[in-house]
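*Asks:* here's a sequence, model it:
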Amino acid sequence: MRFYNQQHEFYCGIDLHANSMHVYVVDHDGKKHLHRNFNTKTYSTLDNCTADEV
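*Replies:* Model prediction:
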């Protein structure tokens, strides 16, 4: 299996639970662009997120 071995512009982490979802997006320098908790019963998509939301 081949993997992409170059740096990315952004990195995303998602911690998904039954009733909540924690989303964290940083750039390759470590600057936060999104750090948000969602109630999964209320949000069905991430359409309400905006860039640089901390």
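*Asks:* and the gap between residue 41 and residue 20?
*Replies:* 9 Å (CB to CB, to the nearest Å). Every residue, glycine included, has its C-beta placed from N, CA and C.
*Asks:* next one: residue 5
*Replies:* Residue 5 is 33 Å from residue 20, by CB to CB.
*Asks:* who has more neighbours, residue 41 and residue 20?
*Replies:* More neighbours surround residue 20 than the other of residue 41 and residue 20, with 13 against 9 (other CB atoms under 10 Å).
*Asks:* close enough to count as contact, that one and residue 38?
*Replies:* Yes - between residue 20 and residue 38 there is a contact under CB atoms under 8 Å: 6.7 Å.
*Asks:* where does the prediction get shaky in this structure?
*Replies:* Counting by pLDDT under 70, the chain shows low-confidence ranges at 1, 42-54.
*Asks:* nearest residue to residue 21 other than its sequence neighbours?
*Replies:* Among residues not flanking residue 21 along the chain, residue 38 sits closest, at 4.5 Å (CB to CB, 6 or more residues apart in numbering).
*Asks:* that neighbour: how many residues sit nearby?
*Replies:* For residue 38, the count of nearby residues is 19 (other CB under 10 Å).
*Asks:* residue 23 is in contact with that one, correct?
*Replies:* Yes - assessed by CB under 8 Å, residue 38 is found in contact with residue 23 at 6.8 Å.
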